[in-house]
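*Asks:* Generate a structure from the sequence data that follows.
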Amino acid sequence: MKTGLIAVIVALLCAPTVAEAFCGFYVAGSDKQLVADATQVVLMRKGTRTVLSMQNNYKGPPEAFAMVIPVPTVLKEADVKTLPKEVFANIERMGAPRLVEYWEQDPCAPEPQYESRRMASSVARPASAAPKKKAEDLGVTIEAQFTVGEYQILILSAKESTGLDTWLRQEKYSIPKGAEPLLRPYVESGMKFFVAKVDPKKVKFVDGRAELSPLRFHYDTDQFALPIRLGLANSSGTQDLIVSILAPSQRYEVANYKNVTIPTNLDVENSVRDKFGAFYAALFDRTIEQNPGAVVTEYAWQATNCDPCPGPVISTNDLMTLGGDVLEGAQLAAPDKTTPPPPPGKQPARPMPSPSKRRFSGGWGMDFVLTRLHARYGKEITNDLEFKAAPPIVGGREFLTDGKKLEEGAKPASVNNFQGRYAIRHKWTGKVACKNPRRGRWGGPPNGQPPTPKPALGLAFAPRGQVQLARSIKGDVPEIGLKKGVLAPVPKLAPKKP
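*Replies:* I've put the predicted structure just below:
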C-alpha cells in the first residue's frame, strides 16, 4: 500500500438492498454488531484531486457509533461537508442498467430516408472505570477535530495499529473482530484515519437502519485507488460494490483486477418487465461466475446526456454538488462569451471565477464522463481497488439496418457511449396490405408515447434465484456461455434481508 492510496468508501456509486461494501468500518458504543449494508459513493477525479462523496446506511443498535475510514492526508473542516441525498439518486438512476420497449412500425409505412437508424426514448464520552492510557502513549495523535452536521469528526494518525485499536476501545467503541490486522497496512503506509462520530439523536432510524446525511471530502494524491479491505471488518457476507466515477473526458476501469463489460443490447421476454431487478441480478451473477474476481463495467457515457434516458440527465448543479466546485485547474471555468477559446496548449488565465459562475460544457471546457463499475466479493478479497484511465467504448445502443443490429457488446470508439440496455419488442399485429412490407423497424407504440426506460435500482438488494436467463433472453449470449433454452444452475448468491 502506498502513502498516496485514496481514502474511504465507494459506490461513485456503492447502492442499496445484498450487503453492500463499505471501505472503512463502523464502531459502536455497544457490544452488538453493526453491519454496513448500503453505501453509495461517487468519486470525482481530475489531476491529483479526488472528491469523494458517500451516503451510508447501517443496521445496528441506536447507540452512538462512528465510521472509521483511512484517508491519505489530514483533512481540514473546509474539506468536509454534508450533501443532499437526491444527488445520489440521480447518479444511480443515470448509470443503472435500463429496460426499454419498442414496437414494430407499420411495415407498409413509407420507407425512411436513411438506412441506419438509432432509436431513443428519449455524543458525550462515557466514563471508564479502569485507568486508560493517553492517546500519545498509544502513539495516536488527534490531528484535527471539528463538527459537520450530525458528525463529530476526528482526524487521527497512529504509529501502530495496536495502539489505534486500543485507543478506539478505550473510547468505549466495540471494534469489529479482526479489525487490527486490517488496520495495520494503512498505519504502516502512513495513512490517517477519518473518524466520523454520529449523535443518534440527530439521525432518523427506519426499521433499525440509520439514514445518515451524505458526506463529501476532497484531497490530493497521486494514486487513484479505493481501500476496500478495511470494510471486511463489518461484512455480513458477500458484498456488492458499485463505484461511480466522474472525470473530464475520461472513463476509468480497475488496474489490478480483470475488467469485463456487462452483456448488453439483449432482447428479452415480456415477463422481464415485472422482474427486471431480478433479471439483471441473474445476468450480473452469471457474468461474475464466468469471470471470477472481475469488475464489471455497466456504464460509460457523457454525464449530461443519455439515450435512452431513464430520467433527467445529471445537471450542472449535481456536478457542482459532487465536487466540481473544488476540482483543481483553470479549465473548470467556462470562457466568457466575448472571449474566444484559447489556442491549443494554452489555458485561460486566472483568477478563477466563483463556483456559482463556473460551468461544465463541451468543447474545450469540462466534458464529464460517468463510469459505473460493479464488483461482488467476500472475505477472499486481498487488494484494494486501483483505477486507471481507459479508452472510450460504445455498446448497448439501438443501431439497426434492415432490422439487424449493428452493435453487439462493447467496442472501441472515439467517444464513450456504453450502457446496459435490454429491450422488450412488440411485433406488428395489424394488417399488412402492401406488396413489399418492410419489417424490423422499431419505435414507439401505435397510439401514444413509449414508456420511460426502467432503471434497475437498488441492485444490492435485488432478489436472486427468481429468473432463468435462458428463458428470459431471446438468443444466445456467448460471452457468458449462455444458450437460449438451455437452463443453467442459478448461482447460490442470496442477499441479506433489508
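
*Asks:* C-alpha only now, for contacts and for neighbours.
*Replies:* OK.

*Asks:* Flag the shaky bits of the stretch 201-350 of the chain, pLDDT-wise.
*Replies:* 208-210, 229-237, 328-350 (pLDDT under 70).

*Asks:* where do the helices sit along it?
*Replies:* 276-290, 316-319 (DSSP state H, counting those that start in this stretch).

*Asks:* Please apply the same query to the stretch 351-498 of the chain.
*Replies:* With DSSP H, counting those that start in this stretch as the criterion, the stretch 351-498 of the chain has helices spanning 469-472.

*Asks:* Poorly predicted segments of it, please.
*Replies:* For the stretch 351-498 of the chain, the ranges with pLDDT under 70 are 351-366, 379-380, 400-406, 487-498.

*Asks:* was I right about Leu373 contacting Val295?
*Replies:* Yes. Leu373 lies in contact with Val295 (Cα atoms under 8 Å); the separation is 6.5 Å.

*Asks:* circling back: ok, which of the helices of the stretch 201-350 of the chain comes nearest Phe387?
*Replies:* Taking Cα to Cα, helix 276-290 is the member of those nearest to Phe387, at 19.2 Å.

*Asks:* ok now that closest one, how far from the chain's centre?
*Replies:* 17 Å (Cα atoms, centre = their mean, to the nearest Å).

*Asks:* Can you mark which positions in it are buried?
*Replies:* Using 16 or more other Cα atoms under 10 Å as the test for burial, helix 276-290 gives 276-288.

*Asks:* go on, stretch 91-109?
*Replies:* Buried residues in stretch 91-109 (16+ other Cα under 10 Å): 91-107.

*Asks:* same check, this time on stretch 296-309
*Replies:* 296-304, 306-309.

*Asks:* mind listing which of the buried residues of stretch 91-109 are in strands?
*Replies:* Arg98, Leu99, Val100, Glu101, Tyr102, Trp103, Glu104 (DSSP state E).

*Asks:* For Thr261, see how far away Ala281 is.
*Replies:* Between Ala281 and Thr261 the computed distance is 15 Å (Cα to Cα, to the nearest Å).

*Asks:* pLDDT averaged over the helix or strand where Arg169 lies, what's the number?
*Replies:* Here Arg169 sits within helix 161-170, counting by DSSP states H and E. Over the span of helix 161-170, the pLDDT mean works out to 86.

*Asks:* now for it, which elements pack on it?
*Replies:* Applying 3 or more Cα pairs under 8 Å, 6 or more residues apart in numbering; DSSP states H and E, we find helix 161-170 packed against strand 140-148, helix 179-188.

*Asks:* closest to Val206 out of those?
*Replies:* strand 140-148 (22.4 Å).

*Asks:* Give the pairing partners of the closest one; include direction for each.
*Replies:* Paired neighbours of strand 140-148 in the sheet (DSSP bridges): strand 151-158 (antiparallel).

*Asks:* hmm, who's touching the partner strand?
*Replies:* The contact list for strand 151-158, computed with Cα atoms under 8 Å, 6 or more residues apart in numbering, reads 74-75, 139-147, 164, 187, 190-199.

*Asks:* Just want the angle from that strand to helix 179-188.
*Replies:* Relative orientation of strand 151-158 and helix 179-188, computed by axes from the mean of the first three to the mean of the last three Cα atoms, to 10 degrees: 70 degrees.

*Asks:* Report the angle between strand 151-158 and helix 161-170.
*Replies:* Using the same axes, to 10 degrees, strand 151-158 lies at 150 degrees relative to helix 161-170.

*Asks:* Let's see strand 151-158 as PDB, backbone CA atoms only.
*Replies:* The C-alpha trace of strand 151-158 is given here as PDB (Å, rounded to 0.1, in the frame of the first residue of the first chain):
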ATOM      1  CA  TYR A 151     -21.000  14.300  12.600                       C
ATOM      2  CA  GLN A 152     -18.300  15.000  15.200                       C
ATOM      3  CA  ILE A 153     -15.100  14.400  13.200                       C
ATOM      4  CA  LEU A 154     -11.600  13.500  14.300                       C
ATOM      5  CA  ILE A 155      -8.600  13.000  12.000                       C
ATOM      6  CA  LEU A 156      -6.200  10.600  13.700                       C
ATOM      7  CA  SER A 157      -2.700   9.400  12.900                       C
ATOM      8  CA  ALA A 158      -1.100   6.300  14.600                       C
END
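
*Asks:* gap between it and the chain center?
*Replies:* The answer for strand 151-158 is 26 Å, by Cα atoms, centre = their mean.

*Asks:* Next, the contact list for the residue of the chain positioned farthest from its centre, please.
*Replies:* Most distant from the centre of the chain: Lys435, at 51.4 Å, with distances by Cα atoms, centre = their mean. By Cα under 8 Å, 6+ apart, the contact list for Lys435 is empty.
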